[in-house]
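Peer 1: this one's sequence-less:
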């Protein structure tokens with residue numbers, strides 16, 4: 001495989017995912033958009049809940065989305081960083097895992113800084129923590145899956 005194709009096959013998914021996250025974080029009405037979708041579903045599933053409970057559920061669903069998007073980001077970075085090259089065929093390296101989680105933390109921080117410049121949005125340190133935890137959970141889930149399947 002040519003060097004360019006090799007690069008694209010491993011890093012293009014990371015770049016696409018970064019663009020998706022960055023585009024979504026630039027939406028000044030992001031919370032309103034997701035609440036318009038999640039809120040009615042919660043009200044339909046649980047018609048007896050008061051509005052405060054519905055808002056709480058919507059909040060937690062949105063934070064779980066943060067966890068998930070950064071877990072995916074970390075897994076994509078891990079895949080790109082760990083690609084076998086120069087004879088290194090080790091299936092697992094904690095160094096690669098740390099690079100993936102570190103990259104996710106840095107990107108989460110830059111994303112929150114970006115949001116602080118978007119009208120009606122604010123950058124929150126708590127979201128950086130949630131995003132980084134999502135990345136770490138994604139990498140740990142991968143490690144447990146690999147250990148369970150006896151791949152490493």
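Peer 2: Structure received. This structure is a prediction, so every number in the text was calculated from the model and none was measured. Numbers count the residues shown, from 1 in each chain.
Peer 1: Only C-alpha atoms from now on, for both contacts and neighbour counts.
Peer 2: OK.
Peer 1: so where's the longest helix in the chain?
Peer 2: helix 51-82 (DSSP state H).
Peer 1: so what does that one touch, helix or strand wise?
Peer 2: Packing contacts for helix 51-82, counted by 3 or more CA pairs under 8 Å, 6 or more residues apart in numbering; DSSP states H and E, involve helix 3-25, helix 30-45, helix 94-115, helix 125-148.
Peer 1: Mean pLDDT lowest where, among those helices?
Peer 2: Per-stretch mean pLDDT for the helices and strands packed on helix 51-82 is lowest at helix 30-45 (a mean of 83).
Peer 1: who's in contact with it?
Peer 2: 24, 49, 54-55, 57-58, 62 (CA atoms under 8 Å, 6 or more residues apart in numbering).
Peer 1: again, only using 10 Å
Peer 2: With contact meaning CA atoms under 10 Å, 6 or more residues apart in numbering, helix 30-45 is reached by 24, 27, 29, 46-47, 49-51, 53-59, 61-62, 120-121.
Peer 1: Which members of those residues are classed as buried?
Peer 2: Taking 16 or more other CA atoms under 10 Å as the criterion, what is buried in the contacts of helix 30-45 is 27, 54-55, 58-59, 62, 121.
Peer 1: Appreciated, that's everything.
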